[in-house]
Every structure is written in structure tokens, then in C-alpha cells.
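*Asks:* this one's sequence-less:
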């Protein structure tokens, strides 16, 4: 092959792997530039299945081709809690229930947010709970017990997070110790909004951005939360990717878990359908971008939720299972040890197929992105 042909060949090859198609959707690269990790707290396969039966449109879960399963057990318990489960995702280690970013011997476990930040990768955290709740906290804090929410909040200003949205204002302002963490965040160049989410045009000039929109958790979907989660993901991806920056984002649908704990099927299903909408926003971004890996999973299953046949009664008072109608049931008010699905889309998504431990998700992300882990 002469030099001209060689040049033309590699030019064509480069264009195939880097150019956008005529409809504006980019072709995918082999190594992701951006990673979006979506966590539906307390969600097993039955919870996911409800998205196929309780809404009138096609679930966004159908858009995934690469699917795996994870074992969620913590280091000392067969059944994990959200703190140990999220620490496994955030730091790649198995630890004890209740631990936020600490190993079994109480040493700080470096989080993926800290690693990304050290690699000049922008980072974002979104939740429908308090920002100090177990799942988001495990991505930026290091405390012995998840109940230490005042201590967790104090980690956020210097955590390396660039964008966040959720609740928990009472842990940042009006504290009993008079520590003003809103002022501390602003000192770290955050613009803080405690009233509403802004659209991209209103926030694009900010250096760092935080929305704290409730005293504790955000309202339930049934109480009028609206499309906060989907809007926050849309604003966050636009904000973090400005100036073509690479980014890592974790977004949590927190209250699916709470519906499971309460054995409240309408609560659970409303939250799950909201999370399904949020998945759509993340996938829409990834499809257009072409360089974004989207991973959807859960820390554990809650409630022993089942889409059983509805129990009805005959005229004589006897009970029967009506297979024409679903009657959601629960077997527990706590968590279960069932394997949890993992859905992946984008560059490197094929690496998330198979059955593996929950902490492997962290290692798969690090290996795919090649983000360097700097020693302390």
C-alpha cells in the first residue's frame, strides 16, 4: 500500500469511528469518555418488570442489549444495606453494612469521584433522597456509620464533586453546631440554589453547581415531585460535558427502596416508572454523544416484591388467583439477597455481561476509562 493509499485508508478509518451520522447520532468509540451510573435503590427484577405492566409506553429498559447479574452481599452479611452496596460501587471493595467509604478495618477507601477528579474528569451526584443518605454519601464521604449525616455533609465542599442535586438542606444550613456548609460550598466556587432546578442556559456559566431542594428527602412522586430526576440528569450531563469535558455522574432513584420497605406497591411503582424516565434521558444523551457508557443497576432488592396474580373471590366466598390481573405482593419489609440485574449501553458495555460481584462494577469502569488511581 503506497503512502497516499495508506493516508486515505487511515483517514477513512478515523472518520468511521469519530464522526456523527447524518441524523446527529455519533458512532461509538471503544473506550468511554464519560460514565453515567444510574442506581435504582431497592430494585430487583420484579420491580423492573413493573415498568412493563404499569405504564402505557415501552420501557427504556428495552433499549439495552448488554445485561448481567451481580451478587450484592456485603463483606460480613449475606444481605447488604445501601451503605455497603454503594461503597462497593464507589470504591470497589466489599465492606460491612453501615460503612460509608470505609474498609472493614475503617480505612478510607478512595471513591470513583475522587479518582475521576484527580484525572481532570468532572463529577456529578443526583438523588431523590438527601445528599447525605447512604448511596450518594458513599461516593464522597468516609464515616463509620451511615447515620452520621452531619459528618457526611461536611465532606461535600472539598469532595471533588462539580455538580449535585438532591435534598438534605438541614444538614448544610441551620445545624446545631452552627457550621455553615452552604458558605463552605460557596467558598469552593459552588453556586447553590435551594429553590428549583435551572435549565442549562441559566447555569452554563457557573463553575460548580449545587441544588439542595428539600430539608430532607425530596417529595414522593405521588406528592408532586414531578420530573426532577430526569431534568437533573439532563441539566447535569449538559453542565458537566460543557467545553467537551469528560465526566462521571451517579444518579439515584432513592425511593423505590422506601416503597419496598413500606410494602406500598403504588409508591414503589410510581418511583420505578420515574426512574425509567430518567434512564431515557441518560440513554438519549449517550446515543447522541457516542462516547458515553451508561450503567443501570441497584444496590439490593427490597421487600421481596413479586408481581403475583391478583387474589379475587368467587360468589361463594372462596379465593382464587386471577391470572388476568397483577396483584403486587411482598414477602418482607427489609432487603433480600436476590441477584440484581445490570444493564449497560455504550462503549465497553459488553464487559458488564455475565454474573459477578457488585464491587466489580467499579473495577470495570476504572479499567475501561483508564482513570489512574493516585496513591495517597
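*Replies:* Done, it's in. Nothing here was measured: the structure is a model prediction, and the numbers come from that model. Residues are numbered from 1 along each chain as shown.
*Asks:* Just the helices from the stretch 151-300 of the chain, written as ranges.
*Replies:* Secondary structure of the stretch 151-300 of the chain by DSSP state H, counting those that start in this stretch: the helices cover 181-187, 200-203, 228-240, 255-261, 265-289.
*Asks:* Show me what the first one is in contact with.
*Replies:* With Cβ atoms under 8 Å, 6 or more residues apart in numbering as the test, helix 181-187 has contacts from 153, 154, 156, 157, 171, 172, 173, 175, 192, 210, 212. The C-beta positions use only the backbone N, C-alpha and C, and glycine is treated the same way.
*Asks:* can you do 7 Å?
*Replies:* 153, 154, 156, 157, 172, 173, 192, 210 (Cβ atoms under 7 Å, 6 or more residues apart in numbering).
*Asks:* next one: the third one
*Replies:* Residues outside helix 228-240 that contact it (Cβ under 7 Å, 6+ apart): 122, 124, 126, 128, 162-163, 165, 197-200, 203-204, 209, 218, 247, 249, 251, 253, 274-275, 277-278, 281-282, 285.
*Asks:* Restricted to buried residues, select the residues you listed in PyMOL.
*Replies:* Applying 16 or more other Cβ atoms under 10 Å to the contacts of helix 228-240, the buried members can be selected in PyMOL as follows:
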select buried, resi 122+124+126+128+162+163+165+197+198+203+209+218+247+249+251+253+274+275+277+278+281+282+285
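*Asks:* sorry, back to before: looking at the helices of the stretch 151-300 of the chain, spot the one closest to residue 110.
*Replies:* helix 228-240 (20.5 Å; Cβ to Cβ).
*Asks:* where does the chain dip in pLDDT?
*Replies:* Where the chain drops to pLDDT under 70, the residues are 1-29, 376.
*Asks:* Do you have the strands of it handy? List them.
*Replies:* 34-40, 66-71, 122-130, 163-167, 190-193, 208-212, 247-253, 292-297, 301-302, 306-313, 319-329, 335-336, 340-345, 354-357 (DSSP state E).
*Asks:* Look up the residues forming beta bridges with the residue nearest the centre of the chain.
*Replies:* Nearest to the geometric centre of the chain sits residue 38, at 2.7 Å (Cα atoms, centre = their mean). Note on residue 38: beta-bridge partners by DSSP bridges are residue 251, residue 296.
*Asks:* Touching, it and residue 279? I think so.
*Replies:* Yes: using Cβ atoms under 7 Å, residue 38 makes contact with residue 279 at a distance of 6.2 Å.
*Asks:* Enumerate every residue touching the residue nearest to the centre of the chain.
*Replies:* 251, 278, 279, 282, 294, 295, 296.
*Asks:* quick one on the thing from earlier: so which of the helices of the stretch 151-300 of the chain comes closest to residue 337?
*Replies:* Smallest distance to residue 337 across these (Cβ to Cβ): 14.1 Å, for helix 255-261.
*Asks:* What are the contacting residues of the closest one?
*Replies:* By Cβ under 7 Å, 6+ apart, the residues outside helix 255-261 that reach it are 40-43, 47, 128-129, 220, 267-268, 271-272, 275, 302-303, 305, 333.
*Asks:* now swap in stretch 206-226 and tell me
*Replies:* If you take Cβ under 7 Å, 6+ apart as the criterion, stretch 206-226 is touched by 128-131, 162-170, 172, 185, 188-194, 196-197, 203, 228, 239, 255, 267, 270-271, 274.
*Asks:* Can you turn the buried part of these into a PyMOL selection?
*Replies:* Selection of buried members from the contacts of stretch 206-226 for PyMOL, criterion 16+ other Cβ under 10 Å:
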select buried, resi 128+129+130+131+162+163+164+165+166+167+168+169+170+172+185+190+192+193+197+203+228+239+255+267+270+271+274
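*Asks:* and for residue 38 and residue 279, which residues touch both?
*Replies:* Joint contacts of residue 38 and residue 279 (Cβ under 7 Å, 6+ apart) are residue 296.
*Asks:* what about the closest residue in space to residue 321 that isn't next to it in sequence, neighbour count?
*Replies:* In this structure, residue 321 finds its nearest non-sequential neighbour in residue 309, 3.9 Å apart by Cβ to Cβ, 6 or more residues apart in numbering. The tally of other residues near residue 309 (other Cβ atoms under 10 Å) stands at 15.
*Asks:* Any idea what residue 309 is bridged to?
*Replies:* Applying DSSP bridges to residue 309 yields these beta-bridge partners: residue 326.
*Asks:* Spit out the contact partners of it.
*Replies:* If you count contacts by Cβ under 7 Å, 6+ apart, residue 309 has them with 321, 322, 323, 327.
*Asks:* Going by neighbour count, which of the contacts of helix 255-261 are buried?
*Replies:* Buried among these by 16+ other Cβ under 10 Å: 40-43, 47, 128-129, 220, 267-268, 271-272, 275, 302-303, 305.
*Asks:* What is the nearest of those residues to residue 135?
*Replies:* For these, the nearest to residue 135 is residue 41 (5.9 Å; Cβ to Cβ).
*Asks:* This completes my enquiry, with thanks.
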